[in-house]
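Novice: The sequence isn't on hand, but the structure is:
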């Protein structure tokens with residue numbers, strides 16, 4: 001069995017700032033990390049590998065050349081193979097174009113039984129790429145997976161819901177998007193870190209995955225962003241004290257003062 005995990009290198013959102021003039025992310029000096037939900041997806045694949053000796057785990061990402069460092073982190077966690085989709089033709093892609101490229105990369109890898117992905121990336125928070133990749137591959141998808149069991153070519157999962165979970169069974173090949181409640185990602189080991197830097201990571205461009213430049217990147221992105229901005233800081237709140245009647249009276253006075261009433 002071959003499991004492929006879609007991963008993404010993202011800026012650490014705890015340190016991200018927005019340029020107030022340009023409305024774009026200030027990436028200078030901001031560290032890049034493995035997207036947290038993707039780490040849970042990788043851990044799920046590695047746990048299956050731990051239980052089955054005939055399982056191979058591959059990781060695939062689309063990004064700039066420096067994304068190879070993140071891929072080596074995945075190898076150091078236990079992945080067997082890593083692939084990087086990197087080409088100027090892929091630049092400026094929205095979720096629609098991104099899913100086209102990633103699906104082409106998965107076709108290039110070949111013979112994949114189960115595709116894992118994180119629920120969503122912390123830089124975009126769209127949760128769209130996983131389902132779109134499944135659509136392009138023509139395979140079933142289950143999102144928000146919080147428990148997984150593989151048996152006899154079938155996958156049984158618990159799909160997280162607000163008030164419980166659904167139990168869903170699908171045939172392989174299929175795509176699953178994972179939530180953080182699924183597991184706790186493992187740490188890299190020293191030995192595997194050394195081994196990770198000995199492995200070759202293939203870098204594929206649009207020709208390698210048989211994509212026309214007009215079908216990927218900015219050229220194939222229907223989404224248009226007109227403006228990005230951070231909302232202004234809210235003013236300090238005011239606490240009212242006294243009895244119910246006194247607080248109600250003060251509140252009405254405040255609303256009248258601001259011409260809300």
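Specialist: Cool, the structure landed. Please read all numbers here as calculations on a predicted model, not as lab measurements.
Novice: for the stretch 1-150 of the chain, what spans make up the strands?
Specialist: 2-6, 9-11, 17-18, 25-26, 32-34, 56-62, 81-85, 114-118, 141-151 (DSSP state E, counting those that start in this stretch).
Novice: The first one - contacts with which helices or strands?
Specialist: Looking back up the chat, that one is strand 2-6. helix 36-51, strand 56-62, helix 95-109, strand 114-118, helix 129-137 (3 or more Cβ pairs under 8 Å, 6 or more residues apart in numbering; DSSP states H and E). (C-beta placed from N, C-alpha, C; glycine too.)
Novice: mind redoing it with 7 Å?
Specialist: helix 36-51, strand 56-62, helix 95-109, strand 114-118 (3 or more Cβ pairs under 7 Å, 6 or more residues apart in numbering; DSSP states H and E).
Novice: do the same with the fifth one
Specialist: Strand 32-34 makes packing contacts with strand 9-11, helix 67-77 when contacts are defined by 3+ Cβ pairs under 7 Å, 6+ apart.
Novice: can I get the ones you listed in CSV with mean pLDDT and mean neighbour count?
Specialist: Shown next, in CSV, are these (pLDDT from 0 to 100; neighbours: other Cβ atoms under 10 Å):
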stretch, mean pLDDT, mean neighbour count
strand 9-11, 88, 19
helix 67-77, 96, 21
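Novice: can you redo those as a markdown table with distance to residue 116?
Specialist: Formatted as a markdown table, those follow (distance: least, Cβ to Cβ, whole Å):
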| stretch | distance to residue 116 |
| --- | --- |
| strand 9-11 | 17 |
| helix 67-77 | 12 |
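Novice: Ok, which of the ones you listed comes nearest residue 163?
Specialist: For residue 163, the closest of these is strand 9-11, at 29.9 Å, according to Cβ to Cβ.
Novice: Off-centre distance for the closest one?
Specialist: Put simply, strand 9-11 sits 10 Å off its chain's centre (Cα atoms, centre = their mean, to the nearest Å).
Novice: Name the residues that touch it?
Specialist: Here strand 9-11 makes contact (Cβ atoms under 7 Å, 6 or more residues apart in numbering) with 25, 27, 30, 32-35, 61, 63, 67, 70, 121-123.
Novice: low-scoring pLDDT stretches of the chain, where are they?
Specialist: Filtered on pLDDT under 70, the chain yields the residue ranges 13-17, 19-20, 22-29.
Novice: Any idea which residue is closest to the centre of it?
Specialist: residue 121 (3.4 Å; Cα atoms, centre = their mean).
Novice: Any buried residues in stretch 159-167, and which?
Specialist: If you call a residue buried by 16 or more other Cβ atoms under 10 Å, then stretch 159-167 has these buried ones: 159, 160.
Novice: how far is it from where the chain is centred?
Specialist: Using Cα atoms, centre = their mean, the distance between the centre of stretch 159-167 and that of its chain works out at 20 Å.
Novice: again with stretch 240-249
Specialist: 48 Å.
Novice: Chain neighbours aside, what residue packs nearest to residue 105?
Specialist: Distance criterion Cβ to Cβ, 6 or more residues apart in numbering; nearest residue to residue 105, sequence neighbours excluded, is residue 85 at 4.9 Å.
Novice: That neighbour pairs with what?
Specialist: Under the criterion DSSP bridges, residue 85 forms beta bridges with residue 62, residue 204.
Novice: surely it meets residue 59?
Specialist: No - between residue 85 and residue 59 there is no contact under Cβ atoms under 7 Å: 11.6 Å.
Novice: What strands line up against the helix or strand containing residue 166, and which way round?
Specialist: Element membership for residue 166, per DSSP states H and E: strand 164-171. Strand 164-171 sits in its sheet next to strand 154-161 (antiparallel), going by DSSP bridges.
Novice: Quick one: work out the angle between the strand it pairs with and strand 114-118.
Specialist: 20 degrees (axes from the mean of the first three to the mean of the last three Cα atoms, to 10 degrees).
Novice: residues in contact with strand 154-161?
Specialist: 114, 142-149, 165-172, 174, 176, 179, 181.
Novice: can you give me how far that strand is from the chain middle?
Specialist: Relative to the centre of its chain, strand 154-161 is centred 19 Å away, using Cα atoms, centre = their mean.
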